[in-house]
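**Student:** quick one: sequence and predicted model below, then my questions.
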Amino acid sequence: MAEISDVTDATFESDVLKSDTPVLVDFWAEWCAPCRAIAPIVKEIADDNGEKLKVVKMNIDESPQTPGTYGIRSIPTILVFKDGQVAGQLVGARPKGDFQEMVDSLV
């Protein structure tokens, strides 16, 4: 089982931008029903791709600076970072296949 950790504005650079492996970041909030709907899918993606992909979550209410930097205007938004750059993006609740397709194209 892969571990999904939380990142904050303070840890984003070290945990995501400086990561040696691609990182999938799930931007979410407690009050967001679609965010809760995709949570099991994000967990499955983490479990299925654990060795080649790091999966983290960022609560936009607790860490508003980073989502602003990346122009996150609606949630859930999933960004995949590779070598410190945004390499993929999904917005809204999507089927698992969309997530896996994006991950497969990047790792």
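**Tutor:** Perfect, thanks for sending it. Residues are numbered from 1 along each chain as shown.

**Student:** so which residues of the protein form helices?
**Tutor:** For the chain, the helices defined by DSSP state H cover 12, 33-48, 65-69, 96-106.

**Student:** other residues contacting the second one?
**Tutor:** What that stands for is helix 33-48. 1-4, 24, 26, 28-29, 53, 55, 57, 75-76, 78, 92-96, 99-100, 103 (C-beta atoms under 8 Å, 6 or more residues apart in numbering). Just so you know, the C-beta spots here come from the backbone N, C-alpha and C atoms, and that holds for glycine as well.

**Student:** quick one: residue 61 and residue 32, what's the gap?
**Tutor:** Per C-beta to C-beta, to the nearest Å, residue 61 is found 10 Å from residue 32.

**Student:** who has more neighbours out of the two?
**Tutor:** residue 32 (18 against 11; other C-beta atoms under 10 Å).

**Student:** need the contact list for the residue sitting nearest the centre point of the chain.
**Tutor:** Centroid-nearest residue in the chain: residue 25, 1.7 Å away (criterion: C-alpha atoms, centre = their mean). Listed by C-beta under 8 Å, 6+ apart, the contact partners of residue 25 are 7, 16, 56-58, 78-81.
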